[in-house]
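S.K.: got a structure for you, letters missing:
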C-alpha cells in the first residue's frame with residue numbers, strides 16, 4: 001500500500017508537471033500568435049505582403065499546363081492557311097464593357113463540362129462548375145499574338161496560362177510562368193508585346209469575388225448594344241447553361257444606374273478596367289475605393305462608386321517627376337481628389353489613366369499605351385458632375 005501510494009503520488013506529480021508544461025507551451029504559442037497577428041494588423045505594408053503571399057500559395061498551380069494551346073481543347077490544329085477548326089461546345093461571348101488592351105482585337109470562348117451549368121443564384125458572384133475553361137485571344141494587325149487560358153480545376157483551384165502563337169498561326173506555345181515582357185511582334189505597338197506572367201493574371205483575376213471577369217449578369221446583359229456579338233443571359237438560360245438566375249433580371253435586364261449615357265458608359269468602363277481590384281469582394285486592394293458595379297441594387301451601387309470617388313481624398317502621392325508631360329503645377333507631392341466635381345484636369349483618376357509612367361499609371365498592368373477614347377469619356381463624364389451629390 002505504501003509503495004502504491006508513492007507511485008500514485010509520483011504519477012500525480014509527473015502528470016501535473018507535464019500538464020503545467022503543456023499549458024505554458026500552449027500559452028506561449030498563443031501569445032506569440034497573438035503578437036504576430038497584432039503586429040501584422042498594425043502594419044499596412046505587412047498586411048498587403050502577407051495577403052499577397054497567402055494568395056500566391058493558395059492559388060499556386062499543382063500541375064503543369066499543356067505545352068500547346070490546341071491541347072487545352074480550344075481547336076484542332078490545321079495546316080497553315082486552312083480554316084480554323086474550333087472545338088464543338090464552345091460558347092463565344094463578348095462583355096459589353098471591355099478591358100483596354102492597347103487596341104488589341106479580341107475573341108473569347110467559354111466551355112462548360114457536359115451536363116453542368118453556371119450557378120447564378122448570387123447575381124453578382126456566379127459560381128462556375130469545376131472543369132470550366134475560358135480562352136481570350138489577342139490580335140494586332142489581323143494576326144493572333146497570344147491566347148490566355150483560365151481553367152477551374154477538378155480540385156477547385158483556378159489556373160492561368162498564356163500561349164504565344166507561332167509564325168504560321170497553326171498553334172501556340174505555353175509561355176513560361178514568369179512571362180515575357182518584351183516579345184518581338186512587328187504588328188504590335190512599338191514592335192514589342194508583353195506576355196503576362198501567371199502572377200500578373202492572378203493579380204487581376206484573384207482580386208475579384210469570382211476569377212471570371214467577363215462572364216457576368218452585367219457583362220452579358222441583353223440590355224446592351226445590339227452590335228455586340230456572342231451569347232447573353234437569355235440565351236444561356238434557354239440553353240440550360242445558366243441556372244438559378246432571378247427571373248426579374250430577364251424581365252428587366254441589368255443596367256448600370258446613371259444620370260446620363262456618358263455616366264453609364266464611364267461607370268461601365270471603370271467596372272471593366274478597375275473594378276476587379278477596386279471592389280468590395282474581400283480580396284481587393286487595401287484602399288476604400290469602389291469601382292465595381294452590382295446588378296442586385298444598381299442605384300445603391302452607383303451611390304457607392306460616387307461616394308468613394310467624388311471629391312474623395314487619396315493617399316497617393318505622385319513623385320515630383322512622375323509625369324513629365326504634365327504641366328509643372330500638376331507635378332507636385334500634394335494629392336488631388338480622385339474625381340474633382342466638374343474638373344477633369346484636377347481629377348487624380350484622369351491623371352493616372354493618362355500616364356504610363358510605372359510609378360503613376362492605372363491600371364498598373366496590361367497596357368503600354370493610354371486609351372484615348374476612354375480618357376475622352378472620363379473627361380465628358382467628370383465635366384458633367386456639377387449637380388448636387390446624389
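M.R.: Okay, I see it. Only a predicted model underlies this, so the values are computations on that prediction, with no experimental measurement involved. Numbering: from 1, shown residues only.
S.K.: Residues contacting stretch 241-253, please?
M.R.: Surrounding stretch 241-253, the residues in contact under the criterion CB atoms under 8 Å, 6 or more residues apart in numbering are 91, 112, 117-121, 123, 217, 221-223, 233-234, 236-237, 295. Backbone N, C-alpha and C define where each C-beta goes, glycine included.
S.K.: Any of those residues buried? List them.
M.R.: 91, 112, 117-118, 120, 123, 217, 221, 233, 236-237, 295 (16 or more other CB atoms under 10 Å).
S.K.: so residue 136 sits in a strand?
M.R.: Yes: under the criterion used here (DSSP: H, G, I helix; E, B strand; the rest coil), residue 136 sits inside a strand.
S.K.: count of residues packed around it?
M.R.: The criterion is other CB atoms under 10 Å. On that basis, residue 136 has 19 neighbouring residues.
S.K.: Does it touch residue 107 like I think?
M.R.: Yes: counting by CB atoms under 8 Å, residue 136 touches residue 107, with 7.4 Å between them.
S.K.: Walk me through which strands the longest strand along the chain pairs with, and which way each runs.
M.R.: Taking DSSP state E as the assignment, the strand of the chain that covers the most residues is strand 143-152. Its sheet considered, strand 143-152 pairs with strand 133-140 (antiparallel), strand 158-165 (antiparallel) by DSSP bridges.
S.K.: So which of those strands has the densest surroundings on average?
M.R.: Highest mean neighbour count among those (mean count of other CB atoms under 10 Å): strand 158-165, with a mean of 22.
S.K.: Tell me how far that strand lies from the chain's centre.
M.R.: 15 Å (CA atoms, centre = their mean, to the nearest Å).
S.K.: can you check stretch 137-149 too?
M.R.: Relative to the centre of its chain, stretch 137-149 is centred 20 Å away, using CA atoms, centre = their mean.
S.K.: so where is the stretch 1-150 of the chain shaky, pLDDT-wise?
M.R.: Counting by pLDDT under 70, the stretch 1-150 of the chain contains low-confidence ranges at 1-63.
S.K.: Any buried residues in stretch 95-115, and which?
M.R.: Counting neighbours by 16+ other CB under 10 Å, one finds that the buried residues in stretch 95-115 are 95-102, 104, 106-112.
S.K.: and residue 86, what does it touch?
M.R.: Taking CB under 8 Å, 6+ apart as the definition of contact, the neighbours of residue 86 are 74-75, 109.
S.K.: just to revisit the earlier point, what about the buried residues of stretch 95-115, which are in strands?
M.R.: Those of the buried residues of stretch 95-115 lying in strands (DSSP E): 106-111.
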